[in-house]
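> Build me a model:
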Amino acid sequence: MPVTRLADLTDPAQCPCLVVKVGSSLLVGKQGLRREWIAGLVDELAQCRARGQNVIIVSSGAIALGAARLGLEKGGRGSLADAQAAASVGQIALSGLWAELLELHGLPAAQLLLTLDDLEDRRRYLNATATLGRLLDAGAVPVINENDSVATHEIRFGDNDRLAARVAQAVQASAVLLLSDVDGLYDRDPADPAATLVREVRGVTGEIKAMASGASGSGLGSGGMTSKLQAAEIADMVGIALAIVNGTHDRPIARAIGNDIGTLFLPPVGKRRRDAARKAWLGGRMKLKGELVIDAGAAKALQGGSSLLAAGISGVAGAFKRGDPVGIFDQAGTVLAHGLSEYDAEECARLMGRHSREHEALLGYAPRSAVVHRNQLVLK
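Below you'll find the model as predicted:
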């Protein structure tokens, strides 16, 4: 049975595996780590384990903690070098505390530091998936953070919301729980007295995205409501529920579930998808090598389950090679799909708009049947 309400997040029958993301502002205060609050959360997670659930923690806070210890300005985010140095210092204390508090409940902690490339490269993604699976089987609680000490702007997730969704995708978790500094998604700025909490979202539409603010309320983290909606889109792609609840209270999971306060993102009615593992990995990618723009006829064909043929392509961008991931867009700029290209960018540019019978004369060799085959394509 899938997750359909907040209360299901702590039900092992509905949610055998839960990924919990904790933001910087919840973990680190003006005096450093908020040990008592973290201890209360660990107690809640230990109760989940006692009920038979697997739990994975995605923990921010290393940069904020390290910056406080080093006396760096702007929370350690004044420059890339500052962020990397702060993360190196903060990660030791952060992982040590998680390990200490989990051990009090007889739960071994395991630290994994990931970069974007670890989950975008197929082989490394499979390695991370295998490691996580073995840790869960062995009874450990993985504690995951972005590897900010080595990540550059080009290879960063940029926030742990999307990292949590990608981790959930990798382990085929049942749900993701994002602990935030607000009760959930509001229909407008939460500071507006007329703002209303949106309790359930069935599909992240343009209207839903318009409700989000990109700002992080605390100034400590790198995410905001926009990043949480992006995480919800990644989760939705593989039929994983995602909830946003307020983590500023003591024992935040019990408070949210006991009072039914939060926003739960579920697939649209009638659409509970579980893409094959390879397609799920491809659809969740955030780093693409190029773009293909297609006409209305090709867009309709893709929606019907067809491959992408060169005749329907009207534009090519990027410097991609055969086998690289590309985004497929309509002429209004809306992303329709991700796929692996059967041709490099230069060949696509030569073939676009041309019928398949012309391809051999244009390229000098017998062409493949499609630019992006339907088996290597996932609709957004």
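
> in this protein, which spans are helices?
24-27, 35-50, 62-70, 80-103, 116-120, 122-137, 160-171, 206-209, 225-237, 252-259, 277-283, 296-303, 345-351, 359-363 (DSSP state H).

> Which one of these has the poorest average confidence?
Mean pLDDT across the helices of the chain is lowest at helix 277-283; the value there is a mean of 72.

> Check which helices and strands that helix is in contact with.
Applying 3 or more C-beta pairs under 8 Å, 6 or more residues apart in numbering; DSSP states H and E, one finds that helix 277-283 contacts helix 122-137, helix 160-171, strand 335-340, strand 377-379. All C-beta spots, glycine's among them, are computed from the backbone N, C-alpha and C.

> Including mean neighbour count and distance to Ala243, could those go into a markdown table?
What follows is the helices and strands packed on helix 277-283, written out as a markdown table (neighbours: other C-beta atoms under 10 Å; distance: least, C-beta to C-beta, whole Å):
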| stretch | mean neighbour count | distance to Ala243 |
| --- | --- | --- |
| helix 122-137 | 15 | 20 |
| helix 160-171 | 27 | 11 |
| strand 335-340 | 21 | 25 |
| strand 377-379 | 22 | 24 |
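
> Grab the nearest non-local neighbour of the most centrally placed residue in the chain.
Nearest to the geometric centre of the chain sits Arg162, at 2.5 Å (C-alpha atoms, centre = their mean). Excluding the flanking residues, the one nearest Arg162 by C-beta to C-beta, 6 or more residues apart in numbering is Ala231, at 5.0 Å.

> ok, now which ones touch the one you found?
The contact partners of Ala231, taken as C-beta atoms under 8 Å, 6 or more residues apart in numbering, are 161-162, 164-165, 176, 178, 242.

> if I look at it, how far off is Ala85?
27 Å (C-beta to C-beta, to the nearest Å).

> Then Val372?
42 Å.

> Show me which of the two is the more surrounded one.
Between Val372 and Ala85, Val372 has the larger neighbour count (other C-beta atoms under 10 Å), namely 26 against 19.

> if I look at the residue lying closest to the more buried one once chain neighbours are set aside, how far off is Asp43?
Distances taken as C-beta to C-beta, 6+ apart place Gly339 nearest to Val372, at 3.7 Å, with adjacent residues excluded. Distance, Gly339 to Asp43, by C-beta to C-beta: 45 Å.
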